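*Asks:* What would the 3D arrangement of this be:
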Amino acid sequence: MSNRSEAGIKEAISNLEQILDSGASMVTIDGETTQFDLSAVSARLRDLKAELATLQGKKNRRPLFNRVDLS
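*Replies:* Presented below is the predicted three-dimensional model:
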């Protein structure tokens with residue numbers, strides 16, 4: 001776990017949410033192309049939210065239901 005401040009984590013969460021909300025996986029600005037792996041962005045967002053909850057003293061809750069694919 002990193003020694004980041006709560007404000008820094010909130011800013012990183014906001015930036016990742018903007019990437020996901022845009023829905024774009026590739027952006028080109030002035031000839032510079034940046035490509036995002038949206039599944040990695042989602043995973044990082046989940047990790048940052050858990051880290052923020054830990055900093056705020058909240059307990060992590062487990063989901064009530066799990067999806068099981070028996071096919």
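*Asks:* quick one: the helices in the chain?
*Replies:* Assigned by DSSP state H, the helices in the chain fall at 6-22, 38-55.
*Asks:* closest one to Glu32 among the ones you listed?
*Replies:* helix 6-22 (16.1 Å; CB to CB). C-beta coordinates here come from the backbone N, C-alpha and C atoms, glycine included.
*Asks:* how much space between the closest residue to Lys59 other than its chain neighbours and Ser42?
*Replies:* Distances taken as CB to CB, 6 or more residues apart in numbering place Ala53 nearest to Lys59, at 7.8 Å, with adjacent residues excluded. Distance of Ala53 to Ser42, given as CB to CB, to the nearest Å: 17 Å.
*Asks:* before we move on, the earlier item: could you dump the helices of the chain to a markdown table with mean neighbour count and mean pLDDT?
*Replies:* Putting the helices of the chain into a markdown table (neighbours: other CB atoms under 10 Å; pLDDT from 0 to 100) gives the following:
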| stretch | mean neighbour count | mean pLDDT |
| --- | --- | --- |
| helix 6-22 | 13 | 90 |
| helix 38-55 | 14 | 89 |
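*Asks:* What count of nearby residues applies to Ala24?
*Replies:* 12 (other CB atoms under 10 Å).
*Asks:* residues contacting it?
*Replies:* Residues near Ala24 by CB atoms under 8 Å, 6 or more residues apart in numbering: Phe36.
*Asks:* how about it, phi and psi?
*Replies:* With angles defined as degrees, to the nearest 10, Ala24 sits at phi -80, psi 130.
*Asks:* Check the closest residue to Phe36 other than its chain neighbours and give its pLDDT.
*Replies:* Sequence neighbours aside, Ser25 is the residue nearest to Phe36 in space, at 5.3 Å (criterion: CB to CB, 6+ apart). For Ser25, the pLDDT comes out at 85.
*Asks:* Identify the residue nearest the most centrally placed residue in the chain in space, chain neighbours excluded?
*Replies:* Taking CA atoms, centre = their mean, the centroid of the chain lies closest to Leu45, which sits 1.0 Å from it. Distances taken as CB to CB, 6+ apart place Leu16 nearest to Leu45, at 4.4 Å, with adjacent residues excluded.
*Asks:* All set now, cheers.
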